[in-house]
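> build me a structure from this.
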Amino acid sequence: MPRQLIIILLVALVLVLMTVQNPNPVSVQFLSWEAKQVPVIIVILISLLAGIIISSVLGLIKQSKLKDEIRRLQREIDELKYATTDLPEEEETA
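Numbering: from 1, shown residues only. Got it, this is the predicted structure:
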């Protein structure tokens, strides 16, 4: 099995165990927003979803930068290829 799948399954197992062991609702306060009597699973799922969204956005930004770098390097390779083919051949001296 791929390592990522094993890690995802382990995280899911930990989340399920934590939810089962903590069935009591909790109060959540964030800045000026407050929610009372929220099930723990909701708090966990919102946190998980926020983490997925943030990591996805950061991954897309990095992927975009890497694609730009690949394009730049490919242009440089093409320029170097054409620069060597455009050079006049040296004349043989007898």
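
> of all residues in the protein, which one is nearest the centre?
Gly59 (3.0 Å; Cα atoms, centre = their mean).

> three-state assignment of that one?
helix (DSSP: H, G, I helix; E, B strand; the rest coil).

> got the phi and psi for Glu34?
Backbone torsions of Glu34, given as degrees, to the nearest 10, read phi -140, psi 140.

> that one against Val28, yeah?
Yes: the criterion here is Cβ atoms under 8 Å, and Glu34 meets it with Val28 at 7.1 Å. Every residue, glycine included, has its C-beta placed from N, CA and C.

> number of nearby residues for Leu17?
Neighbours of Leu17 under the rule other Cβ atoms under 10 Å: 10.

> quick check: mean pLDDT across the helix or strand harbouring it?
Leu17 is part of helix 3-21, with elements assigned from DSSP states H and E. Taken as a whole, helix 3-21 has an average pLDDT of 84.

> quick check: next helix or strand after it?
Using DSSP H and E, the helix or strand that follows helix 3-21 towards the C-terminus is strand 26-30.

> give the partner strands of that next one in its sheet and their orientations.
strand 33-38 (antiparallel) (DSSP bridges).
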